[in-house]
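Student: Could you look at this predicted model? Sequence included:
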Amino acid sequence: MRLEISCQDRLGITQDVLDILVAHNIDLRGIEIDEGGKIFLNFPNIEFADFQHLMPKIRRINGIDDVKTTPFMPGERERNQLAAILRTLPDPVFSVDVRGAILMCNDAVTSSLEMPFIELEATEISEWVKGFNFHRWLEAGAPQAQTTKVQFVQQDYLADLLPIVVPDGGENTILAGAVVMLKSEIRLGQQFTAFHQTESNSFDRFVTHSPAMHKAINDAKRVADLDAPILIFGETGTGKEMIARACHQASRRSSGEFLALNCASLPDSVAESELFGYAAGAFNQPVGKAGLLELAAGGTLLLDEIADMSPQLQAKLLRVLENGEYRRVGGDKPVSVDVRFICTTCRDLGQLVEEGKFRKELYYRLNVLSLVVPSLKERRADIVALAESFIVQHSNKLGRRPAKLSKSCVEYLQLYPWPGNVRQLQNALYRALSLLDGNEITKEDIQLPSCTPSLSYIDENFEGTLDEEVKKFEKDLLRRLYPSYPSTRQLAKKLGLSHTAIANKLREYGINKATVKL
């Protein structure tokens with residue numbers, strides 16, 4: 001039971017109230033006095049008859065204005081409000097004492113670590129948050145608020161360190177602990193983007209923590225404003241169309257249309273009329289129709305999966321590129337072309353040219369400026385950031401609070417080979433969020449086909465010894481890993497070998513910064 005007593009400021013009034021409680025053998029659990037002249041009492045529930053006698057006695061005390069029950073003590077209300085705020089904060093938050101021991105943390109912390117609070121309570125924050133000396137900061141005479149980069153659950157975060165001080169009764173303050181708030185790079189990026197929405201860069205949406213994707217985007221920025229055709233290579237699902245659209249938006253043609261034709265999804269006759277349009281009278285139609293080439297005038301035309309374009313359509317497209325004009329299907333008047341071409345393919349066009357399946361002249365006309373979009377397995381440093389970005393996007397669409405990735409889920413996502421690349425990751429997370437009951441995505445929530453990478457290093461009819469083939473595999477593996485782990489110590493840690501062993505192998509295979517492009 002809790003009582004709220006409104007009273008006047010009189011010396012001894014609190015003692016008079018306590019004397020009545022003692023007279024009724026009531027065990028007082030808590031008492032609080034606020035600055036507004038109110039006394040709050042917390043004691044066990046008592047019988048109604050006793051309560052009827054207690055209330056009039058308190059009201060008769062000199063200086064008491066009113067007595068009523070209340071559902072909360074002020075301290076309880078504050079703690080409940082604080083707990084509610086912490087639970088709803090999407091970012092990890094810790095409260096620590098002057099020694100760095102954890103006093104409180106929110107659900108974002110416990111879900112990320114996959115541990116209940118009881119196991120985290122009283123442990124040192126430096127055990128979980130790496131990259132900053134919390135002891136040295138707290139032991140300083142008067143630690144100042146600051147922001148620093150740290151690591152939490154093997155991911156980079158920006159930490160806001162806020163000291164908590166209380167008055168010492170005079171003019172000075174006493175350090176009582178600190179609050180540590182973490183923000184991931186993706187969260188900071190989203191907030192920064194929201195703040196600067198009016199001046200968005202077309203390439204800002206891409207996650208480029210990995211060297212491979214960073215290079216791809218930098219190359220795209222350099223060729224975006226040139227007017228020559230761009231040929232974009234990459235596996236299915238890597239985001240080739242997104243790169244093409246970003247190139248258009250960053251070009252001088254950004255005010256024009258960005259239109260696309262999927263060369264693999266349409267029959268040859270349909271694709272031709274879609275591309276060139278048709279004149280009045282063609283296909284028994286009284287009115288003609290403009291094609292994509294005409295509709296995209298002054299803009300960009302994307303030819304998606306150009307490798308699947310038929311030989312007949314390849315020949316007609318070549319004439320467009322050579323002469324700068326075309327004719328509608330069934331028409332006889334030439335139409336000038338003012339379009340920038342961007343083509344994508346997931347196949348090796350050079351090999352198709354050698355096999356006679358793609359016109360050599362068209363290949364050289366299109367392959368003026370080329371870009372290569374890396375597969376997701378070549379940009380593993382981007383996987384977690386991409387996943388967090390997709391979670392926010394999908395959560396907004398589903399009208400729910402963004403979920404967190406558990407530690408085991410992060411490891412699973414980083415180890416999976418992703419044959420379907422970024423599109424497969426996006427679809428897997430959408431399914432997980434759609435069926436998720438709680439606010440944490442675990443490894444079990446990600447439904448993906450079992451996918452063991454097939455080893456294509458050794459042909460069953462190879463000639464040579466086992467040792468020779470093992471060395472070939474070893475050399476190829478080291479060459480693939482070296483750009484992401486360019487120091488012998490990093491590479492040794494990755495592969496679980498000694499620094500000396502890795503240094504010897506790199507020397508044996510001639511792998512160094514001069515022979516491998518970083």
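Tutor: Yep, that arrived.
Student: in the stretch 251-400 of the chain, which spans are helices?
Tutor: 268-276, 292-295, 311-323, 349-354, 360-366, 383-398 (DSSP state H, counting those that start in this stretch).
Student: residues making contact with the shortest one?
Tutor: Defining contact as C-beta atoms under 8 Å, 6 or more residues apart in numbering, one finds that helix 292-295 is touched by 257, 259, 261, 274-277, 301, 320, 326, 335, 337, 339. (Glycine included, C-beta is placed from N, CA and C.)
Student: Could you point out which of the helices of the stretch 251-400 of the chain sits nearest residue 53?
Tutor: Ranking the helices of the stretch 251-400 of the chain by proximity to residue 53 (C-beta to C-beta) places helix 383-398 first, at 56.4 Å.
Student: I'd like the distance from that closest one to the chain centre, please.
Tutor: 6 Å (C-alpha atoms, centre = their mean, to the nearest Å).
Student: same thing with stretch 136-148?
Tutor: That offset, for stretch 136-148, works out to 30 Å (C-alpha atoms, centre = their mean).
Student: now do stretch 411-421
Tutor: 15 Å.
Student: Do me a favour and get the end-to-end distance for that stretch?
Tutor: The first residue of stretch 411-421 is 17 Å away from its last residue (C-alpha to C-alpha, to the nearest Å).
Student: Pull out the buried residues from it.
Tutor: Counting neighbours by 16 or more other C-beta atoms under 10 Å, one finds that the buried residues in stretch 411-421 are 412-413, 416, 418-421.
Student: what two of those residues have the greatest distance between them?
Tutor: Taking C-beta to C-beta, no two of the buried residues of stretch 411-421 sit farther apart than 412 and 421, at 16.6 Å.
Student: Could you list the residues in contact with the helix or strand residue 14 falls within?
Tutor: Residue 14 belongs to helix 13-23 when assigned by DSSP states H and E. Helix 13-23 is contacted from outside by 5, 7, 28, 31, 33, 39, 41, 43, 54, 57-58, 61-64, using C-beta under 8 Å, 6+ apart.
Student: Just the buried positions in that helix, please.
Tutor: 13, 16-17, 21.
Student: just stretch 141-161 next, same as before
Tutor: For stretch 141-161, by 16+ other C-beta under 10 Å, it's 143, 150, 152-153, 155, 157-159, 161.
Student: cool, stretch 50-69 as well?
Tutor: Those would be 54, 57-58, 61, 64, 67, for stretch 50-69 by 16+ other C-beta under 10 Å.
Student: hmm, which two among these are most spread apart?
Tutor: Farthest pair in those, by C-beta to C-beta: 54 and 64, 12.6 Å.
Student: who touches both of the two?
Tutor: In contact with both residue 54 and residue 64: no residue, using C-beta under 8 Å, 6+ apart.
Student: Is it possible to get CSV of the contacts of helix 292-295 that adds neighbour count, distance to residue 485 and pLDDT?
Tutor: Below are these laid out as CSV (neighbours: other C-beta atoms under 10 Å; distance: C-beta to C-beta, whole Å; pLDDT from 0 to 100):
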residue, neighbour count, distance to residue 485, pLDDT
257, 15, 44, 92
259, 17, 43, 92
261, 21, 42, 89
274, 18, 47, 86
275, 23, 46, 87
276, 25, 51, 86
277, 23, 53, 85
301, 25, 41, 92
320, 19, 47, 89
326, 21, 51, 83
335, 18, 54, 84
337, 17, 48, 86
339, 22, 44, 91
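Student: List the ones among the contacts of helix 13-23 that fall in helices.
Tutor: The subset of the contacts of helix 13-23 located in helices under the criterion DSSP state H comprises 54, 57-58.
Student: ok, of the residues you listed, which one's closest to residue 445?
Tutor: residue 54 (54.6 Å).
Student: which non-adjacent residue is nearest the closest one?
Tutor: residue 24 (5.9 Å; C-beta to C-beta, 6 or more residues apart in numbering).
Student: tally of neighbours for that neighbour?
Tutor: The number of residues packed near residue 24 is 13, by other C-beta atoms under 10 Å.
Student: Also residue 225?
Tutor: Residue 225 has 12 nearby residues by other C-beta under 10 Å.
Student: Would you mind stating the distance between the closest residue in space to it that isn't next to it in sequence and residue 258?
Tutor: The shortest distance from residue 225 to any non-neighbouring residue, by C-beta to C-beta, 6+ apart, is to residue 251 (5.0 Å). Distance from residue 251 to residue 258, counting by C-beta to C-beta, to the nearest Å: 10 Å.
Student: how's this protein carved up into domains?
Tutor: Listed domain ranges for the chain are 2-75, 89-188, 201-225+238-366, 376-445, 455-518 (source: automatic domain parsing).
Student: would JSON lines of those with distance to residue 231 be doable?
Tutor: Shown next, in JSON lines, are those (distance: least, C-beta to C-beta, whole Å):
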{"stretch": "domain 2-75", "distance to residue 231": "68"}
{"stretch": "domain 89-188", "distance to residue 231": "31"}
{"stretch": "domain 201-225+238-366", "distance to residue 231": "5"}
{"stretch": "domain 376-445", "distance to residue 231": "19"}
{"stretch": "domain 455-518", "distance to residue 231": "20"}
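Student: So which of those is nearest residue 82?
Tutor: Closest among the domains of the chain, once you apply C-beta to C-beta, is domain 89-188, at 8.3 Å.
Student: thinking again about what came up before, which ones among the buried residues of stretch 411-421 map onto helices?
Tutor: 412-413, 421.
Student: Which of those sits closest to residue 401?
Tutor: For these, the nearest to residue 401 is residue 413 (20.4 Å; C-beta to C-beta).
Student: pLDDT at that closest one, what is it?
Tutor: On the pLDDT scale, residue 413 is placed at 91.
Student: related to what we said a few turns ago, between the domains of the chain, which gets nearest to residue 83?
Tutor: domain 89-188 (8.4 Å).
Student: now that closest one, how far from the chain's geometric center?
Tutor: 22 Å.
Student: gap between the two ends of it?
Tutor: Note: domain 89-188 ends 14 Å apart using C-alpha to C-alpha.
Student: Same question for stretch 233-253.
Tutor: 22 Å.
Student: average pLDDT across that stretch?
Tutor: In the prediction, stretch 233-253 has an average pLDDT of 92.
Student: Any buried residues in it, and which?
Tutor: 233-235, 237-241, 243-251, 253.
Student: now do stretch 353-373
Tutor: 353, 358-359, 362-363, 365-367, 369, 371-373.
Student: okay if I get the residues you listed as JSON lines plus pLDDT and distance to residue 380?
Tutor: Shown next, in JSON lines, are the buried residues of stretch 353-373 (pLDDT from 0 to 100; distance: C-beta to C-beta, whole Å):
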{"residue": "353", "pLDDT": "87", "distance to residue 380": "32"}
{"residue": "358", "pLDDT": "89", "distance to residue 380": "32"}
{"residue": "359", "pLDDT": "90", "distance to residue 380": "37"}
{"residue": "362", "pLDDT": "90", "distance to residue 380": "35"}
{"residue": "363", "pLDDT": "90", "distance to residue 380": "32"}
{"residue": "365", "pLDDT": "88", "distance to residue 380": "36"}
{"residue": "366", "pLDDT": "89", "distance to residue 380": "31"}
{"residue": "367", "pLDDT": "87", "distance to residue 380": "29"}
{"residue": "369", "pLDDT": "88", "distance to residue 380": "28"}
{"residue": "371", "pLDDT": "91", "distance to residue 380": "20"}
{"residue": "372", "pLDDT": "91", "distance to residue 380": "17"}
{"residue": "373", "pLDDT": "92", "distance to residue 380": "15"}
